[in-house]
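Novice: Sequence first, predicted model second:
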Amino acid sequence: MPIHAQLLRHATETPDKPALVIDGRSLSYGELYVRAKAIYRFLRDLPRSNRRTLDLPGVETLVALSLGNHIGFAEYFAAATAFPNACAVIDPMMPAERIERIIERLAPDVLIVDDAGPSAEIARRFGIPVIAAGAEAFDLAAAGKEAELPLDADKIFLIGFTSGTTAEPKAYYRSREQWRRSLDRGRVVFELEDAPSTMCPGALAHGLALYALVEAFDAGGTFHSVRKWDPGAVARTLSSWQVERLVAVPTHIAGIARARASEPALTSLRDVLTAGAKLDRNGVESMRRLFPNARIREYYGASELGFMTVSTLVGGEIDFPIDRVGQAYPGVEISIRDPDENDVGTDVPGTIFVDSDLIADGYLWGDDGQAFRVTEAGATVGDLGELDAKGMLRVIGRAGGMMISGGNNVYPAEVESALKACPGVEDAVVFGLPDAYLGQRIVAVVSGETMDLKVLADHCAQMLGKYKIPKQFYHIRSWPMTSSGKISRGQVETSVVSGDDRVLRLSA
């Protein structure tokens with residue numbers, strides 16, 4: 001973790017302040033630091049794997065965490081990222097076959113697990129030592145007398161995984177210096193100098209929540225989360241702990257809004273930051289009612305690229321247009337380029353490229369050449385968008401997700417954005433299905449109160465070209481979700497194709 005000096009400072013100056021609270025269980029900064037030192041000493045004495053083939057310069061011990069949102073995650077992560085260690089964070093909720101491919105290729109020196117999930121059994125089959133968090137017996141008294149955790153060094157400290165467009169998990173890696181630069185800028189951009197308490201209900205195995213955890217520790221604030229996603233529990237935590245800052249994906253916030261439908265507004269929140277999906281007007285209005293005193297912001301980024309843009313939708317000196325994701329993050333330059341990587345200028349769609357010092361070094365494996373790539377023009381993950389004259393970015397969608405209907409290019413994100421602006425629509429997923437005449441017919445699945453086909457079609461007709469209007473509309477009561485809190489688009493499409501009764505086709 002690129003913040004070990006800050007952890008030492010907080011453990012010295014505010015040892016009794018809660019660093020982490022999960023489902024009411026808390027860990028103070030003093031406890032966190034002492035326990036991390038004990039775990040670091042334990043990791044230092046482990047035998048090294050003789051199976052590892054990955055080239056990880058400067059890394060002596062590779063630790064894999066498959067802990068979910070366990071209260072012990074922070075102390076193990078702190079120890080596993082102290083130089084010369086590196087940490088790979090594995091989501092225990094991934095399919096077992098993905099976990100198996102990751103563990104086999106990583107060949108870590110040790111795997112830290114909770115008591116649930118398939119990770120432990122898989123690791124033992126490969127002869128990898130397994131430690132169950134909470135079952136260890138460290139000498140905390142001896143650890144308290146030991147030297148401090150090593151300070152930051154510009155080496156690999158984190159390996160993360162993103163599935164992208166294939167079943168093969170892509171393994172990207174980060175250096176401490178990249179995150180150090182990002183944290184220093186973010187402390188100013190997000191005004192964290194007074195160490196606000198932060199809630200992020202997402203899975204710590206994913207970039208949004210993991211970064212929010214490190215960000216809170218860097219500033220010396222208290223980080224709140226839940227063991228398992230439960231909108232009622234999150235809402236109660238926000239209220240009872242008077243949390244000041246919420247970091248979440250829009251679907252999490254929609255769940256909190258439903259859980260608080262008959263409850264008073266949450267007035268303690270001063271900031272709400274979203275990512276992972278574009279906010280729509282209905283979502284912003286819902287948040288204004290739920291968090292009346294909060295500034296509402298969103299950022300656009302990627303695990304491989306870091307922050308790309310940030311915008312303030314409510315509560316800023318200038319509120320950004322709802323259809324834009326903001327202007328470039330400090331230290332980031334954005335350009336829109338054609339297939340030959342020529343800059344196309346403003347108000348012309350193309351591939352989004354960024355040039356910054358926050359970009360990941362690359363993939364350890366899984367690079368199919370279709371996602372993250374770095375060229376002389378900068379780096380891209382294949383997203384399409386356009387810049388206006390003020391430097392505001394509009395994201396159109398991922399090139400691989402483009403539909404061709406009647407010979408016209410249609411991007412799901414554009415149709416989804418139009419649908420989510422329809423009164424009574426909570427969320428929307430759009431995809432293409434094979435069609436003998438059109439090539440692909442556009443299909444929309446929506447949630448919310450609106451189930452009138454004519455209302456939905458007429459609304460789309462007001463906002464979209466005729467060829468972009470879905471040919472079929474479905475309604476779904478509740479979305480299948482991924483462990484990161486996003487809608488599982490593949491499961492939605494499968495439900496439509498299979499005629500699952502969880503989706504209702506709307507008719508005139």
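Specialist: Everything's here; your move.

Novice: now the helices: where do they sit in the stretch 101-250 of the chain?
Specialist: 119-125, 140-145, 176-189, 207-219, 231-240, 250-259 (DSSP state H, counting those that start in this stretch).

Novice: out of these, deepest packed?
Specialist: helix 207-219 (a mean of 23; mean count of other CB atoms under 10 Å). Any C-beta I mention is one placed from the backbone N, CA and C, and that applies to glycine too.

Novice: Helix or strand: which one has residue 430?
Specialist: strand 425-435 (DSSP states H and E).

Novice: Run through the stretch 251-400 of the chain and note the low-pLDDT ranges.
Specialist: 317-320, 368-371, 399-400 (pLDDT under 70).

Novice: Dig out what the closest residue in space to residue 44 that isn't next to it in sequence forms beta bridges with.
Specialist: Take residue 44 and drop its neighbours on the chain: the residue closest to it by CB to CB, 6 or more residues apart in numbering is residue 61, 7.1 Å away. On the basis of DSSP bridges, residue 61 is bridged to residue 85.

Novice: from the middle of its chain, how far away would the strand holding residue 430 be?
Specialist: Relative to its chain's centre, strand 425-435 lies at 22 Å (CA atoms, centre = their mean, to the nearest Å).

Novice: Note down every partner strand of that strand and its orientation.
Specialist: Here, using DSSP bridges, strand 425-435 pairs with strand 439-448 (antiparallel).

Novice: got a list of what the residue nearest to residue 44 touches?
Specialist: For residue 61, the contacting residues are 43-44, 46, 48, 80, 84-86, 109-110, by CB atoms under 8 Å, 6 or more residues apart in numbering.

Novice: Give me the buried subset of those residues.
Specialist: Neighbour-count burial (16 or more other CB atoms under 10 Å) is assigned, among the contacts of residue 61, to 43, 80, 85-86, 109-110.

Novice: just to revisit the earlier point, got a list of contacts for the strand holding residue 430?
Specialist: 250-251, 254, 282, 403-405, 410, 412, 415-416, 419-420, 440-450, 456, 470-471, 479, 487, 489, 492-493, 496-497.

Novice: Show me how the protein divides into domains.
Specialist: Domain segmentation of the chain under automatic domain parsing yields 4-175, 324-400, 402-505.

Novice: in the chain, which helix or strand is least confident?
Specialist: helix 140-145 (a mean of 64; mean pLDDT, DSSP states H and E).

Novice: Low-confidence ranges, the stretch 101-250 of the chain, go.
Specialist: 116, 136-145, 152, 163-168.

Novice: Tell me the spacing between the residue nearest to residue 380 when sequence neighbours are not counted and residue 376.
Specialist: The shortest distance from residue 380 to any non-neighbouring residue, by CB to CB, 6+ apart, is to residue 353 (4.9 Å). Distance, residue 353 to residue 376, using CB to CB, to the nearest Å: 10 Å.

Novice: for residue 309, same thing?
Specialist: 22 Å.

Novice: the more surrounded of these two?
Specialist: The neighbour count for residue 309 versus residue 376, taken as other CB atoms under 10 Å, is higher for residue 309 (24 against 6).

Novice: The more buried one: what's it in contact with?
Specialist: Applying CB under 8 Å, 6+ apart, we find residue 309 in contact with 299-301, 325-329, 332, 334, 393.

Novice: Distance to residue 95, secondary structure and neighbour count for those - can I get that in CSV?
Specialist: Shown next, in CSV, are the contacts of residue 309 (distance: CB to CB, whole Å; DSSP: H, G, I helix; E, B strand; the rest coil; neighbours: other CB atoms under 10 Å):
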residue, distance to residue 95, secondary structure, neighbour count
299, 29, strand, 22
300, 28, strand, 23
301, 26, strand, 23
325, 31, coil, 22
326, 34, strand, 20
327, 38, strand, 18
328, 36, strand, 20
329, 33, coil, 23
332, 34, coil, 22
334, 35, strand, 20
393, 34, strand, 21
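
Novice: how close does the spatially closest residue to residue 207 that is not a sequence neighbour get to residue 128?
Specialist: Here the nearest residue to residue 207 in space, its sequence neighbours aside, is residue 303; by CB to CB, 6+ apart that works out to 4.5 Å. Distance, residue 303 to residue 128, by CB to CB: 25 Å.

Novice: nearest spatial neighbour of residue 359, skipping sequence neighbours?
Specialist: residue 379 (4.8 Å).

Novice: next one: the helix or strand that neighbour falls within to chain centre, how far?
Specialist: Assigned by DSSP H and E, residue 379 belongs to strand 378-380. With CA atoms, centre = their mean as the basis, strand 378-380 stands 20 Å off its chain's centre.

Novice: if we can go back for a sec, doesn't residue 169 make contact with the residue nearest to residue 207?
Specialist: No: using CB atoms under 8 Å as the test, residue 303 is too far from residue 169 to be in contact (11.9 Å).

Novice: Now list whatever residues contact both of those two.
Specialist: With CB under 8 Å, 6+ apart as the test, residue 303 and residue 169 both reach residue 162.

Novice: give the contact list for residue 381.
Specialist: By CB under 8 Å, 6+ apart, the contact list for residue 381 reads 302, 304-305, 371-372, 398.

Novice: how about residue 109, what does it touch?
Specialist: Residue 109 touches 43, 46-49, 52, 61-63, 128-129, counting by CB under 8 Å, 6+ apart.

Novice: quick one on the thing from earlier: any idea how far the residue nearest to residue 44 lies from residue 109?
Specialist: Taken as CB to CB, the span from residue 61 to residue 109 is 5 Å.

Novice: And stretch 191-210, end to end?
Specialist: Separation of the first and last residues of stretch 191-210 by CA to CA, to the nearest Å is 19 Å.

Novice: Please identify the buried residues of that stretch?
Specialist: 192, 195-210.

Novice: Show only the entries of the residues you listed found in strands.
Specialist: Cross-referencing the buried residues of stretch 191-210 against strands under DSSP state E gives 198-199.

Novice: Wait, a strand at residue 7?
Specialist: No: secondary structure of residue 7, determined by DSSP: H, G, I helix; E, B strand; the rest coil: helix, with no strand assignment.

Novice: wait, doesn't it sit right on residue 216?
Specialist: No: using CB under 8 Å as the test, residue 7 is too far from residue 216 to be in contact (11.4 Å).

Novice: ok so, going back, give the residues shared as contacts by residue 353 and residue 376.
Specialist: By CB under 8 Å, 6+ apart, the residues touching both residue 353 and residue 376 are residue 341.

Novice: Tell me the spacing between residue 86 and residue 80.
Specialist: Counting by CB to CB, the gap from residue 86 to residue 80 is 7 Å.

Novice: cool, residue 473 as well?
Specialist: On the measure of CB to CB, residue 473 and residue 80 end up 48 Å apart.

Novice: Over to residue 182?
Specialist: 20 Å.

Novice: all strands of the stretch 351-500 of the chain, in order?
Specialist: Secondary structure of the stretch 351-500 of the chain (DSSP state E, counting those that start in this stretch): strands located at 362-365, 373-375, 378-380, 383-387, 393-398, 403-405, 408-410, 425-435, 439-448, 472-476.

Novice: Which one, of these, ends up nearest to residue 135?
Specialist: Closest approach to residue 135 among the strands of the stretch 351-500 of the chain (CB to CB): strand 362-365, 29.9 Å.

Novice: Which neighbouring elements make contact with the closest one?
Specialist: Strand 362-365 makes packing contacts with strand 170-175 when contacts are defined by 3 or more CB pairs under 8 Å, 6 or more residues apart in numbering; DSSP states H and E.

Novice: Spell out which residues sit in contact with the residue positioned nearest the centre of the chain, please.
Specialist: In the chain, the residue lying closest to the centroid (CA atoms, centre = their mean) is residue 208, at 3.2 Å. Applying CB under 8 Å, 6+ apart, we find residue 208 in contact with 200, 202, 247-249, 275-276, 484.

Novice: Perfect, that will be all.
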